[in-house]
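Student: sequence unknown, structure follows:
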């Protein structure tokens, strides 16, 4: 599997884990971040490569620093 795909899957898993720890649904997160629910789902499954602006919107909605979204992800 391509490294880009692995990173996107790990990023998506981190976002999902943080979202679930805050008892938010994808719909709740989408509403707070002003993104579409299906787009949130695609990001969480590693199917989309979100822009920096999108990651800022998500991290703000989750009330965590952007760096938290990348915890444990290593680029080798």
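Tutor: Right, received. Where do you want to start? Predicted, not measured: the structure shown is a model, and the values here were computed from it.
Student: Let me see the residues that make contact with the longest helix along the chain.
Tutor: Longest helix of the chain, by residue count under DSSP state H: helix 3-21. Outside helix 3-21, the residues that touch it by C-beta atoms under 8 Å, 6 or more residues apart in numbering are 26, 29, 40, 43-50, 58, 62, 64, 68-73, 75-76. Quick note: C-beta positions are derived from backbone N, CA and C, even for glycine.
Student: Off-centre distance for the very next helix or strand once past it?
Tutor: Where DSSP states H and E defines the elements, the next helix or strand beyond helix 3-21 is helix 26-33. Helix 26-33 sits 12 Å away from the centroid of its parent chain (C-alpha atoms, centre = their mean, to the nearest Å).
Student: which parts of helix 26-33 are buried?
Tutor: 26, 29, 30, 33 (16 or more other C-beta atoms under 10 Å).
Student: Just give the nearest non-adjacent residue to the third one, would you?
Tutor: Translated: residue 30. Spatial nearest neighbour of residue 30, excluding adjacent residues (C-beta to C-beta, 6 or more residues apart in numbering): residue 37 at 4.1 Å.
Student: Could you report the pLDDT at that neighbour?
Tutor: Note on residue 37: pLDDT of 97.
Student: and it, how many neighbours does it have?
Tutor: Residue 37 has 14 neighbours, counted by other C-beta atoms under 10 Å.
Student: Equivalent analysis for residue 17, please.
Tutor: Residues lying near residue 17 (other C-beta under 10 Å) number 12.
Student: if we can go back for a sec, in TSV: the buried residues of helix 26-33, plus distance to residue 20 and pLDDT.
Tutor: Shown next, in TSV, are the buried residues of helix 26-33 (distance: C-beta to C-beta, whole Å; pLDDT from 0 to 100):
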residue	distance to residue 20	pLDDT
26	10	98
29	10	98
30	14	98
33	15	98
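Student: Many thanks, have a good one.
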